[in-house]
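> Prediction below, plus the sequence it came from.
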Amino acid sequence: MKHSSFFWFVLPSSLMMLLFIAFPIVSVVTQSLYQAHDQVIIEVENCGPFGCTVDTSVDSEATAALRAAEPLGQWAGLDIYKDRNHLALDEVAQAWVNSDGLPDFGRTLMNLPFYDAMAFTLTYTAIVTPLTIILGFFIAIAVNAVARALRGPTIFFSLLPMIVTPLVGSLILFWMVDARGILGTSLQWLADDPTLSVKASTPMMWIMLMVYGVWHSAPFAFIVYYAGLQTVNTDTLEAAMIDGASRWQRIRYVIIPHLVPLTTFIALIQLMDNFRVFEPIVSFSAQAHATSLSYAIFNDLGGETRLLSSAAATSVLTIIGVGILLSPVLVRTWREFGSPR
Amino acid sequence: MSKAMRRSPAVNLLAYGFMITWLIMAAFPFLWTLWGSFKVEGDFFSKADWANSIFGTLTMVETGGNFTSDGYYGAWVQEEFWRAALNTFIVCFCVVTISLTSGTQGRYALSRSTYRYAFWFLLFALMFRAMPPITLVSGYLLPFFEWNLWGHLSTTIIVLVAINQPFTLWMLHAFFKNIPKDLDESAMVDGCTRFQAFRHVIIPVMWPGVITTGLFSFLLAYNDFAVTSMLLSKENQTMVPKLASFLGTTQTKGNVMFAVAAAVSVTAPLFVMIIFFQKQIVSGLTAGAVKG
């Protein structure tokens, strides 16, 4: 294809991606280096019979005017990254010196918002991704083993948790696990503790969010594996059978190697999606117990005072995180396709 | 199934048991919520006896019937959820149309180009796909405020199209790879320009891929919360942010049933979509993996 026609064909796509994905990244980086103007303070000297006092008050008009004139704010350099809500360098250094032992240091770290969000995001990604893959694999094996007539309906219902809007799906689970909901009541009965409430306990909340994560994405792994199972070579399976391989050995030495490339694909997609975990935290109103990086940004952006610079700094750190997460994949793709063939 | 694949009853039992457990896990929450959405709050969240939510004891007491559509009335009429539904329809329709138009063109060029920059283009698209949308949103807000673009449906549509573009490009990959190059090349030998070849030869054969990709663009637009909740003004809200706003306002009023009814309303179109397009959704999910 000629360069010129290629250019015209990809123009709409690339223009949009440039304007609304690449440019915002630049905008986020810029914004994170500035901070909102301080309020303009005026000092008024009041002199009365008992001497003079100096009152300070906020000049809201001047503040608004200043902020309107320079909406980006004032240059802050890397200050926002270093403050308590982000990397909190001072606090971390202090905690490192003062704390006795690593567990204590860890606890101090978890009280800092950014590290708290980071810890949850990473734990969520590290636990949900493998569980999704394992559960999806077993569902696929099970569905592949049942009568053909049952497979259609199974796929239909399995698609539901994945297709349904994440916010709605997690709300539905949240209502059921509410202390007055059916799952919440069952849990209380199982634990024999009528005051048990998922909402009030941090570990329970983390577990619940991860259960939601697995429930939401296992269908994806299931569908991909199921499609993969349809292309397993039956001759190889029968040959293994004749050679005396047991059921488990056939799964281990024939089916699993066949599914490995699919696992890489699922893992890649799941890593990307789990790292941005966000909606379940909103639905579960879990912010007191668990926040993720995406939620931290959302929280800064929402509300009356939009903390644009703070959100931007967290965004930049998140983008760096995504970059680190994806780097093995990128390097591999580059080696496979990028080198001249 | 060949003879060699016959299973022992124990394995069969295990497979069926596992599958049925999963089915209950997948379907039960939805059925439960659908059933409960026609009850009053006292039954849906039943402190006294969980059986209340099945038989609707309090619903009987409060409204005189076993079922009530108060939640739906409150959400759709009182809180004007219909307006949000209309906005969702507009947003989804435009997002799907625009992203398919630009996506198929772009993907066609990428699949036919033999130069290195086509590869780099796709690699960048993959990196963009990994970007959490909310990080981009924090980059939009200030420019959009400054240029008065904030709050309009059209802005959100363009943003959603752009965020969808990497998905669209990657998903169309498998489908375009299966369209033989000879097809458009012979059309060009017969005197078509590149664009005419695309218009008259490729477009008629690309429908299966387009329908599947369209479904996924629709889902991305329909399910989005991060972008729509941040970029739309209150009166332009689509269904998902509107539903989220019920959570804030109605829980204080003790009317969480509005949110339950709205949640069911949001789920219903998706349910219908799976009934009609199950095959396409499955092929879309596997497109990148199995064929690629």
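Perfect, thanks for sending it. Numbering: from 1, shown residues only, chains lettered A, B, ... in the order given.
> Is the strand or helix carrying residue B:34 in proximity to chain A?
Element membership for residue B:34, per DSSP states H and E: helix B:9-36. Yes. Helix B:9-36 reaches chain A (CB under 8 Å from any CB of the partner chain) through B:11-12, B:14-16, B:18-19, B:22-23, B:25-27, B:29-30, B:32-33, B:36. The C-beta positions use only the backbone N, C-alpha and C, and glycine is treated the same way.
> Can you report how many residues neighbour residue 207?
This is for chain A. Neighbours of residue A:207 under the rule other CB atoms under 10 Å in any protein chain shown: 13.
> nope, chain B
Around residue B:207 there are 11 residues (other CB under 10 Å).
> cool, and residue A:90?
11.
> on that earlier part again, write the PyMOL selection for whichever of the residues of helix B:9-36 next to chain A are buried.
In PyMOL, this line selects whichever of the residues of helix B:9-36 next to chain A come out buried by 16 or more other CB atoms under 10 Å in any protein chain shown:
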select buried, chain B and resi 15+18+19+22+23+25+26+27+29+30+32+33+36
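> Remind me what the helix holding residue B:34 packs against, helices and strands.
Counting contacts by 3 or more CB pairs under 8 Å, 6 or more residues apart in numbering or on different chains; DSSP states H and E, helix B:9-36 is packed against helix A:113-145, helix A:148-163, helix A:166-177, helix A:202-230, helix B:52-55, helix B:256-286.
> mean confidence score for the fourth one?
The pLDDT scores in helix A:202-230 average 92.
> Tell me which residues of it come out buried.
Using 16+ other CB under 10 Å as the test for burial, helix A:202-230 gives A:204-206, A:208-229.
> Between helix A:148-163 and that helix, find me the angle.
Orientation check (axes from the mean of the first three to the mean of the last three CA atoms, to 10 degrees): helix A:202-230 against helix A:148-163 gives 140 degrees.
> Over to the longest one?
Per the same axes, to 10 degrees, the angle that helix A:113-145 makes with helix A:148-163 is 170 degrees.
> Any residue of helix A:113-145 touching chain B?
Yes. Helix A:113-145 is in contact with chain B by CB under 8 Å from any CB, via A:138-139, A:141-143, A:145.
> Check the model's average confidence along stretch A:185-192 for me.
86.
> which sections of chain B are below the confidence cut-off?
Where chain B drops to pLDDT under 70, the residues are B:1-7, B:248-254, B:288-292.
> mind checking which helix or strand the residue nearest the centre of it is in?
Centroid-nearest residue in chain B, with CA atoms, centre = their mean: residue B:219, separated by 1.6 Å. If you go by DSSP H and E, residue B:219 is part of helix B:207-223.
> Could you pull out the buried residues of that helix?
Across helix B:207-223, burial judged by 16+ other CB under 10 Å covers B:209-210, B:212-223.
> Please see if the helix or strand following it touches chain A.
Remark: after helix B:207-223, the chain's next helix or strand is helix B:226-231, criterion DSSP H and E. Yes. Using CB under 8 Å from any CB, we find that helix B:226-231 touches chain A at B:226, B:229-230.
> can you give me the strands for chain A?
A:34-35, A:41-48, A:51-58, A:74-75 (DSSP state E).
> Look up how far residue B:72 lies from the closest residue to residue A:127 other than its chain neighbours.
Leaving aside its chain neighbours, residue A:127 sits nearest to residue A:210 (5.5 Å; criterion: CB to CB, 6 or more residues apart in numbering or on different chains). Taking CB to CB, to the nearest Å as the measure, residue A:210 falls 33 Å from residue B:72.
> same deal with residue A:155?
Residue A:155 is 30 Å from residue B:72, by CB to CB.
> quick revisit: for the residue nearest to residue A:127, give me its contacts.
By CB atoms under 8 Å, 6 or more residues apart in numbering or on different chains, residue A:210 lies in contact with A:124, A:127-128, A:131.
> any idea how far chain B is from it?
15 Å (CB to the nearest CB, to the nearest Å).
> Got the phi and psi for the residue positioned nearest the centre of chain A?
Closest to where the C-alpha atoms of chain A average out (CA atoms, centre = their mean) is residue A:276, at 2.3 Å. Main-chain dihedrals, residue A:276, degrees, to the nearest 10: phi -100, psi 20.
> So it sits against residue A:297, correct?
No. Judged on CB atoms under 8 Å, residue A:276 makes no contact with residue A:297 at a distance of 10.1 Å.
> any residues in contact with both of those two?
Between them, residue A:276 and residue A:297 share the contacting residues residue B:134, judged by CB under 8 Å, 6+ apart.
> any weak-confidence spans in chain A?
Applying pLDDT under 70 to chain A picks out residues A:337-341.
> what's the domain layout of it?
A:82-111, A:113-292+A:309-332 (automatic domain parsing).
> closest one to residue B:163 among the ones you listed?
Taking CB to CB, domain A:113-292+A:309-332 is the member of the domains of chain A nearest to residue B:163, at 11.9 Å.
> Pull up the distance across that closest one, start to finish.
34 Å (CA to CA, to the nearest Å).
> now it, how far from the centre of its chain.
Offset of domain A:113-292+A:309-332 from its chain centre (CA atoms, centre = their mean, to the nearest Å): 13 Å.
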